[in-house]
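# Sequence and predicted model, in that order:
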Amino acid sequence: MTVHPIIAALRRHKAGVILIGLQIALTLAIVCNAVFIIGQRISRVDRPTGINESNLFLVTQQYVGAPSSDTKAGADKLDTMELEDAAALRQLPSVAKVSVISSMPLLNSAWNGGMSTKPQAKSGFKMTTYYFGDQNMLSTLGAQLVAGRDFNAGDVQHAGFRTDAKRPVVIVTQSLAHKLFPNGSALGKTVYMDGSGSPSTIIGIVKRLQTPSTSDWASSFAYDSTLIPTRKDAFFSRYLVRAKPGQMKAAMAAAHDALFKVNPMRVIDDDMGIRSFASIRAEAYKQDVSMAILMGAVCIILLALTAAGIVGLTSFWVGQRTKQIGVRRALGARGIDILRYFQLENLFIAGMGVVVGLLLAIGVNQWLVQHFEMDRMPLGYLFVGVLVVLVLGQLAVFVPARRASRVPPVTATRSV
Amino acid sequence: MLKMTHLSKVYRTEVVETYALRDFSIDVKEGEFVAVTGPSGSGKTTFLTIAGLLETFTGGSYHLDGVDVSHLNDNARSKIRNEKIGFIFQAFNLIPDLNVYDNVEVPLRYRGMKAAERKKRIMESLERVGLSSRLKHYPAELSGGQQQRVAIARALAGSPRLLLADEPTGNLDTQMARGVMELLEDIHREGATIVMVTHDPELATRAQRNVHVIDGQVVDVAEDRVFSTSQLAEHSPA
């Protein structure tokens, strides 16, 4: 069986062919782009933070009636309170490590700035996110130091929230180090933050540490973090806690009681006060996951509708052509010839839909690139999309085609 | 060519058995033109569908061109239909979506014949029925007589050993029917074996032999009873 008789017959049923062809084209265009978006979202969600995410939780609390950190006395008082809190948490039997820290990856609460290799620079900054904390910051996060050294107690200072303290030493991520010093090691080099003339020496380099922001605008510096050994004193504080293995729940419950025991004049939000890193991650990527689920549902619905359309049209055609099928059988067609006829017919219609669909898919992607700053879709998505649509068509047509193949040849002699 | 012996066809339901053919025997020799007549419901169409391997039978035996077709599977029956049998139906049964050329080509494609050979046979058979100028016409654009001629061309294109005609003039007016019958007679004269089912006794007289069927049984066989006008003319002494 060749395609000529199929094409000849299809030319007499243009409306059905065009409708199904367009449905296939639209499905291909939308599914390709939707799957591409899903892929992008999944790769965003799956990207590594660079920290050891297990047994980690964050405590965020606010002091009630605390002094202002704008004065030295106030900052000193707040710092003392923070140290007492950290010490109380550290003494819990279920806790392994504690760090006073300003933020953490995926928290979407970031202190961003610009880093330069030149003092008092006006331009040429490399965007970065600052993590302020004590000497336990890196080890509690579980980030991997690949060069230099970690902070020690002597490096750590404290400063009021809005006080512009000097930052003599910093640790940066490999990604930021490479951007600042593309031609050599950043270790021991001097950098300047936010256009200041105050030098900071890079004493360590971390393999990877994601920034708190998961927004698209921050994706260009998602791994360009800077760790600064300064406890930022404010009316609120954050403590990063690593529980001992298997004691996460106990540690989270005990942390709450321990902090209130130290100082009851505080507020710890029931929902957001003590959060496991898993919940922080889930919250950070909630929109991405929702978008991926939505796009997945759209794909499934579209594919199901297309399959239903193919089944419907083919069933209609089989019913309409029952006598004709009987005649073909009488003239020598085997059941497999009839099956093949309908499979090929669908392949031909789907093929036409695929050609239009490919152009549409590229057009839609181009539009998304221009208007939503999406990446260009790799050809692999189109290839897989075409394969899915063609296979779907063949599967959808199989049931009515098999029914057609079972039309007995004696039908040719009957009035159908 | 076609030999049925004590053949039966029973349609069974949960409560009743209906014999469409009962102890049905017939022997059609190569080159014969046999008319099978009988009233409506007598079983003549059932005979034709079984003879054409469109349907299976319940009992007895059937040899077609020397082959016992009793136990052939569906594919083997399709192959025999395609290679040995040409069908001419009362309702023509052309495929409305295909033009004349493509319609005649249908059985040849199922035979896996090469395009050049197909084209040669299609042109020859359409010329034979006088429709070689209507290749691109669709069935709906032809008269009933022309459609039946296309159906005959389709049956002839595969050079079948046996032509089975089911009321071939049943849907035609008198003039067209005459033309189709003359064509069948010509084809027979050229050596084809034809079995024609008809309920029209007058049409049956045009055949070489007349087999009468009532209640699924052969009740009367009149051999060489009547020749067609043209045959008579041909066999008349000069």
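That came through, no problem. Numbers count the residues shown, from 1 in each chain, chains lettered A, B, ... in the order given.
# Quick check: buried residues in stretch B:159-173?
Within stretch B:159-173, the residues that count as buried by 16 or more other Cβ atoms under 10 Å in any protein chain shown are B:160-172. To be clear about C-beta, it is placed using only N, CA and C from the backbone, and glycine gets the same treatment.
# again, but for stretch A:149-159
For stretch A:149-159, using 16+ other Cβ under 10 Å, the buried residues are A:150, A:151, A:155, A:156, A:158, A:159.
# Check stretch A:257-274 too.
A:258, A:259, A:266, A:273, A:274.
# Distance from the chain centre to the helix or strand containing residue A:237, please.
Using DSSP states H and E, the element containing residue A:237 is strand A:236-243. Strand A:236-243 sits 25 Å away from the centroid of its parent chain (Cα atoms, centre = their mean, to the nearest Å).
# repeat for stretch A:309-320
That offset, for stretch A:309-320, works out to 41 Å (Cα atoms, centre = their mean).
# who touches residue B:20 in this structure?
Contact analysis of residue B:20 by Cβ atoms under 8 Å, 6 or more residues apart in numbering or on different chains lists B:9, B:10, B:11, B:43, B:46, B:216.
# Just confirm it is within a strand.
Yes. The assignment for residue B:20 by DSSP: H, G, I helix; E, B strand; the rest coil puts it in a strand.
# For the stretch 1-150 of chain A, give me the ranges with low pLDDT.
A:1-2 (pLDDT under 70).
# Work out for me the element the closest residue to chain B within it sits within.
Among residues of the stretch 1-150 of chain A, the one nearest chain B by Cβ to the nearest Cβ turns out to be residue A:9. It sits 3.9 Å away. Per DSSP H and E, residue A:9 falls inside helix A:3-10.
# Pull that helix out as CSV, backbone CA atoms only.
Extracted in CSV, the C-alpha atoms of helix A:3-10 (Å, rounded to 0.1, in the frame of the first residue of the first chain):
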residue,chain,number,x,y,z
VAL,A,3,0.3,6.8,0.0
HIS,A,4,-1.2,7.8,-3.4
PRO,A,5,-4.7,6.3,-2.8
ILE,A,6,-4.7,7.6,0.7
ILE,A,7,-3.9,11.1,-0.4
ALA,A,8,-6.5,10.8,-3.2
ALA,A,9,-9.1,9.8,-0.7
LEU,A,10,-8.1,12.5,1.8
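# Can you name the element that comes right after that helix?
Counting by DSSP H and E, the element that comes right after helix A:3-10 along the chain is helix A:14-46.
# Does anything pack onto the next helix-or-strand element following that next one? Which helices or strands?
As assigned by DSSP H and E, the chain's next helix or strand after helix A:14-46 is strand A:56-63. Helices and strands touching strand A:56-63, by 3 or more Cβ pairs under 8 Å, 6 or more residues apart in numbering or on different chains; DSSP states H and E, are helix A:72-90, strand A:236-243, helix A:248-262, strand A:266-267, strand A:274-276, helix A:277-284.
# doesn't residue A:171 make contact with residue A:138?
Yes. Residue A:138 lies in contact with residue A:171 (Cβ atoms under 8 Å); the separation is 6.7 Å.
# shared neighbours, the two?
Contacts common to residue A:138 and residue A:171, judged by Cβ under 8 Å, 6+ apart, are A:145, A:150, A:151, A:204, A:206, A:227.
# which of these lies closest to residue A:352?
residue A:206 (54.6 Å; Cβ to Cβ).
# what's that closest one sitting at in phi/psi?
Dihedral pair for residue A:206: phi -100, psi 140, per degrees, to the nearest 10.
# what's near enough to touch it?
A:50, A:138, A:143, A:144, A:145, A:146, A:171, A:172, A:173, A:174, A:225, A:227.
# So what sits opposite it in the bridge?
residue A:145, residue A:173 (DSSP bridges).
# Identify the residue nearest the geometric centre of chain B.
residue B:164 (1.3 Å; Cα atoms, centre = their mean).
# and that residue, what helix or strand is that in?
strand B:162-166.
# hey, C-alpha coordinates of that strand in CSV?
Extracted C-alpha coordinates of strand B:162-166, given in CSV (Å, rounded to 0.1, in the frame of the first residue of the first chain):
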residue,chain,number,x,y,z
LEU,B,162,-13.6,-16.9,-12.2
LEU,B,163,-16.0,-13.9,-12.5
LEU,B,164,-18.8,-13.7,-10.0
ALA,B,165,-21.6,-11.4,-10.8
ASP,B,166,-24.3,-10.5,-8.3
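# how's chain A carved up into domains?
A:4-45+A:287-414, A:65-264 (automatic domain parsing).
# Which positions in chain A make contact with chain B?
Contact residues (Cβ under 8 Å from any Cβ of the partner chain) of chain A with chain B: A:1-2, A:4-5, A:8-9, A:12-13, A:323-324, A:327-337, A:408-410, A:412-413, A:415.
# Kindly recompute the last result at 7 Å.
Listed as neighbours of chain B in chain A under the rule Cβ under 7 Å from any Cβ of the partner chain: A:1, A:5, A:8-9, A:12, A:324, A:327-328, A:330-335, A:337, A:409-410, A:412-413.
# in chain B, which spans are strands?
B:2-12, B:17-28, B:33-37, B:59-64, B:67-68, B:85-88, B:162-166, B:193-198, B:209-214, B:217-222 (DSSP state E).
# tell me the angle the first one makes with strand B:17-28.
Which is strand B:2-12. Using axes from the mean of the first three to the mean of the last three Cα atoms, to 10 degrees, the inter-axis angle of strand B:2-12 relative to strand B:17-28 is 180 degrees.
# Pull the distance from strand B:2-12 to the chain's centre.
The mean C-alpha position of strand B:2-12 is separated from the chain mean by 18 Å, Cα atoms, centre = their mean.
# What of the third one?
What separates the centre of strand B:33-37 from the centre of its chain is 10 Å, taken as Cα atoms, centre = their mean.
# Please save the CA atoms from it in CSV.
Provided in CSV are the C-alpha atoms of strand B:33-37 (Å, rounded to 0.1, in the frame of the first residue of the first chain):
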residue,chain,number,x,y,z
PHE,B,33,-21.3,-19.1,-18.1
VAL,B,34,-23.7,-20.2,-15.4
ALA,B,35,-26.8,-18.3,-14.2
VAL,B,36,-28.0,-19.0,-10.7
THR,B,37,-31.6,-18.0,-10.3
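# tell me the angle that strand makes with strand B:17-28.
Going by the same axes, to 10 degrees, strand B:33-37 makes 160 degrees with strand B:17-28.
# I'd like to know which elements strand B:33-37 is packed against.
Strand B:33-37 is packed against helix B:44-51, strand B:193-198, helix B:201-204, strand B:209-214, with contacts defined by 3 or more Cβ pairs under 7 Å, 6 or more residues apart in numbering or on different chains; DSSP states H and E.
# do that again at 10 Å, thanks
Judged by 3 or more Cβ pairs under 10 Å, 6 or more residues apart in numbering or on different chains; DSSP states H and E, strand B:33-37 is in contact with strand B:17-28, helix B:44-51, strand B:162-166, helix B:174-189, strand B:193-198, helix B:201-204, strand B:209-214, strand B:217-222.
# Please state the mean pLDDT value computed over that strand.
Mean pLDDT, computed over strand B:33-37, is 94.
# Tell me which residue in chain B sits closest to chain A.
Counting by Cβ to the nearest Cβ, chain B gets nearest to chain A through residue B:82 (2.3 Å).
# Does residue A:143 fall in a helix, a strand, or a coil region?
Per three-state DSSP, residue A:143 ends up coil.
# Tell me who's in contact with it.
A:49-52, A:105, A:131, A:137, A:150, A:171, A:173, A:206-210, A:225, A:227 (Cβ atoms under 10 Å, 6 or more residues apart in numbering or on different chains).
# List buried residues within these.
A:49-51, A:105, A:131, A:137, A:150, A:171, A:173, A:206, A:208-210, A:225, A:227.
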